[in-house]
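**Q** Attaching a predicted model along with its sequence, questions to come.
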Amino acid sequence: MTDKEKISQNTADDNAVKEPAVTGSLLMPGLPAMEADPFLLNGASLAYIGDAVYELLVRNYMLAHGSHMADKLHKNTVQMVNARAQSDMVRALMTELTETETGIFKRGRNASTMTAAKHQSVTDYRRATGLEALFGYLYLNGEHERLHELFDHGIRLLTEQ
């Protein structure tokens with residue numbers, strides 16, 4: 001195949017109709033599945049991944065419901081990705097959690113972390129860590145539908161305030 005034919009083939013591949021991404025999906029093809037049982041991870045480890053999951057959910061929400069200007073996206077995201085907002089969200093969600101989810105939240109909330117709350121109360125910081133642990137657990141356990149259900153309910157409560 002000549003270089004000109006290769007370029008033509010690549011252009012045709014680029015212009016082919018692509019399968020649309022599943023809206024709100026957290027599945028990331030190509031990433032290896034976690035080998036360990038997420039239930040056995042400590043609260044800080046669950047919060048570590050849950051922090052990224054929560055921020056990704058908020059960023060997706062902002063793209064779908066907010067301005068598409070980068071500075072406004074960032075400002076609006078920062079208002080929801082902080083200990084106070086996460087604490088407010090989890091307080092509103094507590095009655096919705098199953099016994100297992102409540103246990104995971106408490107494991108994260110009570111986790112011994114080496115970082116201190118910056119510009120937030122210790123109580124808000126601990127609750128936020130608990131929410132992140134819960135989201136991390138749901139994500140790692142493959143409970144994506146439940147994760148989206150809790151996030152959607154919580155974000156509605158936060159944006160109504």
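**A** Okay, I see it. Numbering: from 1, shown residues only.
**Q** What helices and strands are in contact with the top helix by length along the chain?
**A** The longest helix of the chain (DSSP state H) is helix 43-65. Where contact means 3 or more CB pairs under 8 Å, 6 or more residues apart in numbering; DSSP states H and E, helix 43-65 is packed against helix 70-80, helix 99-109, helix 122-140, helix 144-160. Heads up, the C-betas are built off the backbone N, CA and C, glycines and all.
**Q** Give me the contact list for that helix.
**A** The contact list for helix 43-65 (CB atoms under 8 Å, 6 or more residues apart in numbering) reads 24, 26, 38, 73, 76-77, 80-81, 86, 104, 107-113, 129-137, 139-140, 147-148, 151, 155.
**Q** go on, stretch 121-132?
**A** Outside stretch 121-132, the residues that reach it (CB under 8 Å, 6+ apart) are 43-44, 46-48, 50-51, 53-54, 82-84, 86-87, 89-91, 93, 105-111, 113, 116-117, 120.
**Q** on that earlier part again, mind putting the helices and strands packed on helix 43-65 in CSV, mean pLDDT included?
**A** Shown next, in CSV, are those (pLDDT from 0 to 100):
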stretch, mean pLDDT
helix 70-80, 89
helix 99-109, 95
helix 122-140, 94
helix 144-160, 92
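**Q** Make TSV out of the ones you listed and add mean neighbour count and distance to Asn60.
**A** Listed next are the helices and strands packed on helix 43-65 as TSV, based on neighbours: other CB atoms under 10 Å; distance: least, CB to CB, whole Å:
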stretch	mean neighbour count	distance to Asn60
helix 70-80	13	10
helix 99-109	18	22
helix 122-140	24	13
helix 144-160	15	9
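**Q** That concludes my questions; thank you for your assistance.
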